[in-house]
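K.L.:
A predicted structure for the sequence below; I have some questions about it.
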Amino acid sequence: MGATSGIRGAQAEKLRLTNVVKRFGGRTVVHIEDLRLGRHAIEGLIGPNGAGKTTLMNLITRKLRADDGKVVYLATGNNVVDLSRKRADRIARLGIVKSNQVIQDFETLTVRDSMLLAVASPKRERFYRLFAERDLRREVEGEVESYLEYFQFANPDGYALSAGEKKLLDIVRCLLLEPRFLLMDEPTAGLSDDQTAKVMELLLKKTSEEELSILIVEHDLDFIWQVCELVHFMAEGQILVQGPPAEIRDNTTLAEKYLGTSRV
């Protein structure tokens, strides 16, 4: 499936980063002078290992605090929100959600209950309240069932055992939050070709039907070329080039210095 299936056309940006700097031990690992994100339904962020891609995502979600600069969220209704001083949980509640690069799972929760926990309001997040909340189960039952059927989890009422199922569960939990801007860190890592194709199809469908923009960090460049409408290339903490997938893919300098044959 090609990216044309999910193209929504150019739109207003959702995130704007200005002079964002992050240092570790005196070394600058991210320095973004001006970056606009969310102008296309699905955008890619690629670059060599150590380029600063995951760090950049963590700065947006405030998992890490920037040493300088500003991250602004252009919310609905022309509402501009400075994320630079917001807590990570507040940013998530604004609709900016990030998937996990390293799989994180609740080992004692079933696949179904792990999905349920994702949509629980703060007052319901204690386990003893979660499982007694019948109204919550009814509210999301249809949506949860559709994801369980779509990805064909081996045992929805058991635990996610494989790395692939845990990765899919993480993606579903993010989507259940109904984000407006979703940051995905290596979403296909650990997935089979069939599972990757299903993720690709789902993301294209979601962005074509909903007001959802996605930024993907991914080492599988074939995935990037197929789903993204715009690609940002990052190296040494900076965005060096931005453009359509074909333009980035055919950039001789990038191919020789960074991309190799097919992977970052």
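P.N.:
Here it is on my side, so go on.
K.L.:
give me the element K167 is part of.
P.N.:
Applying DSSP states H and E as the criterion places K167 in helix 163-176.
K.L.:
So which elements touch the very next helix or strand once past that helix?
P.N.:
Once helix 163-176 ends, the next helix or strand along the chain (criterion: DSSP H and E) is strand 181-185. Where contact means 3 or more CB pairs under 8 Å, 6 or more residues apart in numbering; DSSP states H and E, strand 181-185 is packed against helix 53-60, strand 96-98, helix 163-176, strand 213-217. Placement of C-beta: from N, CA and C, glycine included.
K.L.:
got the CA coordinates for the helix or strand harbouring L35 in CSV?
P.N.:
Take DSSP H and E as the rule and L35 turns out to sit in strand 27-37. Taking C-alpha atoms only, strand 27-37 is exported to CSV below (Å, rounded to 0.1, in the frame of the first residue of the first chain):
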residue,chain,number,x,y,z
ARG,A,27,27.8,18.1,24.7
THR,A,28,25.0,19.5,22.5
VAL,A,29,22.9,16.5,21.3
VAL,A,30,19.9,18.5,19.9
HIS,A,31,19.9,22.0,18.4
ILE,A,32,16.8,22.8,16.5
GLU,A,33,16.6,26.3,15.2
ASP,A,34,13.1,26.1,13.5
LEU,A,35,11.0,23.0,13.0
ARG,A,36,7.3,22.8,12.0
LEU,A,37,5.5,19.5,12.5
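K.L.:
Do a quick rundown of the strands in the stretch 101-250 of the chain.
P.N.:
Ranges of strands in the stretch 101-250 of the chain, per DSSP state E, counting those that start in this stretch, are 181-185, 213-217, 230-235, 238-243.
K.L.:
Contacts only, for E236.
P.N.:
A51, G52 (CB atoms under 8 Å, 6 or more residues apart in numbering).
K.L.:
and if you look at the one 3 residues further on?
P.N.:
For I239, the residues meeting the contact criterion (CB under 8 Å, 6+ apart) are I32, L35, H232, F233.
K.L.:
how close does it sit to F233?
P.N.:
7 Å (CB to CB, to the nearest Å).
K.L.:
And for V20?
P.N.:
For V20 relative to F233 (CB to CB), the value is 17 Å.
K.L.:
How about R87?
P.N.:
When R87 is compared with F233 (using CB to CB), they lie 31 Å apart.
K.L.:
higher neighbour count, these two?
P.N.:
F233 (22 against 10; other CB atoms under 10 Å).
K.L.:
Tell me how many other residues surround the residue lying closest to the more buried one once chain neighbours are set aside.
P.N.:
Nearest non-adjacent residue to F233, counting by CB to CB, 6 or more residues apart in numbering: V241, 4.4 Å away. Residues near V241, counting by other CB under 10 Å, number 16.
K.L.:
Please consider this matter closed, and thank you.
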